[in-house]
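# structure of the sequence below:
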Amino acid sequence: MFALAFMFAGMLIGFLLRKTVLPALVSRLLLPIICALLFAMGVLIGANPMVMDNLHTLGLHGLILACATTAASALCVALICRLFPDKTGQGAARQ
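Numbers count the residues shown, from 1 in each chain. Down below sits the predicted model:
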């Protein structure tokens, strides 16, 4: 709930300040901030002995989860394309 409050506060501030220099500044700082966050998460995960001892099991579970998610997404897209065919004869990729 706390994270959602921060997200909505950021959305409100972004909406109110959209015609200022703030969006351009934030877009420039976004990649370095995300890289710093990923680095900090990696340090915390690497320092956790329980995670490091079970990395092979966690990696296998992660691979299975990623493959299942990709397969389910592809199945949903195929189902949607079958249920809602393109009536113009032009696919989305051709536009």
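# what about the helices in this protein?
2-16, 22-47, 49-53, 55-83 (DSSP state H).
# the residue positioned nearest the centre of the chain and residue 62, how far apart?
Among the residues of the chain, the one closest to the centroid is residue 34, at 11.8 Å (CA atoms, centre = their mean). To residue 62, residue 34 is 20 Å away according to CB to CB, to the nearest Å. Any C-beta I mention is one placed from the backbone N, CA and C, and that applies to glycine too.
# may I see the helices of the chain organised as TSV, with mean pLDDT added?
Converted to TSV, those look like this (pLDDT from 0 to 100):
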stretch	mean pLDDT
helix 2-16	92
helix 22-47	93
helix 49-53	91
helix 55-83	94
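# walk me through the domains of the chain.
Per automatic domain parsing, the structural domains of the chain span 24-53, 54-84.
# pipe those domains into JSON lines and attach distance to residue 15 per row.
Shown next, in JSON lines, are the domains of the chain (distance: least, CB to CB, whole Å):
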{"stretch": "domain 24-53", "distance to residue 15": "13"}
{"stretch": "domain 54-84", "distance to residue 15": "31"}
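# closest to residue 2 out of the ones you listed?
When those are compared by CB to CB, domain 24-53 sits nearest residue 2, at 17.1 Å.
# next one: that closest one to chain centre, how far?
Offset of domain 24-53 from its chain centre (CA atoms, centre = their mean, to the nearest Å): 14 Å.
# where does residue 91 land on pLDDT?
Residue 91 carries a pLDDT value of 59.
# for residue 41, see how far away the residue nearest to the centre of the chain is.
Relative to residue 41, residue 34 is positioned 11 Å away (criterion: CB to CB).
# over to residue 3?
Distance, residue 3 to residue 41, using CB to CB: 15 Å.
# swap in residue 2?
Remark: distance between residue 2 and residue 41 (CB to CB) = 18 Å.
# same question for residue 67.
Taken as CB to CB, the span from residue 67 to residue 41 is 23 Å.
# next: residue 20.
In this view, residue 20 and residue 41 are 31 Å apart by CB to CB.
# swap in residue 33?
Going from residue 33 to residue 41 by CB to CB gives 13 Å.
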